[in-house]
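J.: Next comes the sequence, and after it the predicted model I'd like to discuss.
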Amino acid sequence: DTEVTQTPKHLVMGMTNKKSLKCEQHMGHRAMYWYKQKAKKPPELMFVYSYEKLSINESVPSRFSPECPNSSLLNLHLHALQPEDSALYLCASTRTGGDEQFFGPGTRLTVL
Amino acid sequence: SQQGEEDPQALSIQEGENATMNCSYKTSINNLQWYRQNSGRGLVHLILIRSNEREKHSGRLRVTLDTSKKSSSLLITASRAADTASYFCAMPYTGGFKTIFGAGTRLFVKA
């Protein structure tokens, strides 16, 4: 299995809602990433988990809360988002010591 | 802030023509990667070139790296309509997990 899966594909939520994005990989990769991508822009790193521990938080607002329950699963919990948080959220993983990132298809998030 | 800049921002060519896109970066790197992204989808890794390499080929892709000029180029030969996508160069920070992506080149190949 050489893919990263993300659910849901699309999500529409109000500013008072709580929702979660899910990412899963079964390649044995021990580093997992969340990126945010706005239209016609490159991906921007949000969080990195290494061996299930948060390694990088790129000064992301607390309304985004990551979680890594195990080595295969990465969640992004969303609460009280703003319309400007609407974007494509991408998950990625890398093998230990590797630089090539394997990306999931993304979740298209719209905040109303 | 972004470490990589790319040009052109957009490129429109006919099927069968070659497409060249360029990437410049600011700091020392161990390697440089190129990714493709079809509209609204995830990124797909295309090729990685290490700092001690000058040129690398993969199928119709040719990547060059000039560390003295801090620049790289991606050449797609004999382009196809299916090559229509955005292309990003990416530079991992040395010793860490962070990768910075260039601004991207949007390629449109007309059939």
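T.: Ah, there it is. This is a predicted model, so every value here is computed, not measured.
J.: which residues does the most centrally placed residue in chain A bridge with?
T.: Residue closest to the mean C-alpha point of chain A, counted by Cα atoms, centre = their mean, is residue A:34 at 3.2 Å. When bridges are called by DSSP bridges, residue A:34 pairs up with residue A:47, residue A:91.
J.: Might one say that it is in contact with residue A:89?
T.: Yes: using Cβ atoms under 8 Å, residue A:34 is in contact with residue A:89, at 6.7 Å. C-betas here are computed from N, CA, C, even on glycine.
J.: Could you name every residue contacting both of these two?
T.: In terms of Cβ atoms under 8 Å, 6 or more residues apart in numbering or on different chains, residue A:34 and residue A:89 are both contacted by the residues residue A:76.
J.: just how off-centre is the helix or strand of chain A with the lowest mean pLDDT within its chain?
T.: Lowest by mean pLDDT, DSSP states H and E among the helices and strands of chain A is strand A:53-57, with a mean of 91. Put simply, strand A:53-57 sits 13 Å off its chain's centre (Cα atoms, centre = their mean, to the nearest Å).
J.: what's that strand in contact with?
T.: A:31, A:45, A:46, A:47, A:48, A:49, A:66, A:68, B:96, B:97, B:98.
J.: What are the buried residues along that strand?
T.: With burial defined by 16 or more other Cβ atoms under 10 Å in any protein chain shown, the residues of strand A:53-57 counted as buried are residue A:56.
J.: gap between residue A:76 and chain B?
T.: According to Cβ to the nearest Cβ, to the nearest Å, residue A:76 and chain B sit 15 Å apart.
J.: ok, that residue to residue A:11 distance?
T.: For residue A:76, the distance to residue A:11 equals 11 Å [Cβ to Cβ, to the nearest Å].
J.: Which residue of these two possesses the greater neighbour count?
T.: More neighbours surround residue A:76 than the other of residue A:76 and residue A:11, with 23 against 18 (other Cβ atoms under 10 Å in any protein chain shown).
J.: okay, now residue B:49: neighbour count?
T.: Considering only other Cβ under 10 Å, residue B:49 is surrounded by 19 other residues.
J.: Lowest pLDDT pick from the contacts of strand A:53-57?
T.: Ranked by pLDDT, the contacts of strand A:53-57 bottom out at residue B:96 (71).
J.: so where's chain A uncertain?
T.: Where chain A drops to pLDDT under 70, the residues are A:1.
J.: Same check on chain B?
T.: Scanning chain B for pLDDT under 70 picks out B:1-3, B:94-95.
J.: which stretches of it form strands?
T.: For chain B, strands defined by DSSP state E occupy the ranges B:4-7, B:10-14, B:19-25, B:31-37, B:43-50, B:55-58, B:61-66, B:71-76, B:85-92, B:99-101, B:105-110.
J.: Would you format these as JSON lines with distance to chain A included?
T.: Output for the strands of chain B, formatted as JSON lines (distance: least, Cβ to the nearest Cβ, whole Å):
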{"stretch": "strand B:4-7", "distance to chain A": "8"}
{"stretch": "strand B:10-14", "distance to chain A": "10"}
{"stretch": "strand B:19-25", "distance to chain A": "11"}
{"stretch": "strand B:31-37", "distance to chain A": "6"}
{"stretch": "strand B:43-50", "distance to chain A": "4"}
{"stretch": "strand B:55-58", "distance to chain A": "13"}
{"stretch": "strand B:61-66", "distance to chain A": "14"}
{"stretch": "strand B:71-76", "distance to chain A": "15"}
{"stretch": "strand B:85-92", "distance to chain A": "5"}
{"stretch": "strand B:99-101", "distance to chain A": "4"}
{"stretch": "strand B:105-110", "distance to chain A": "7"}
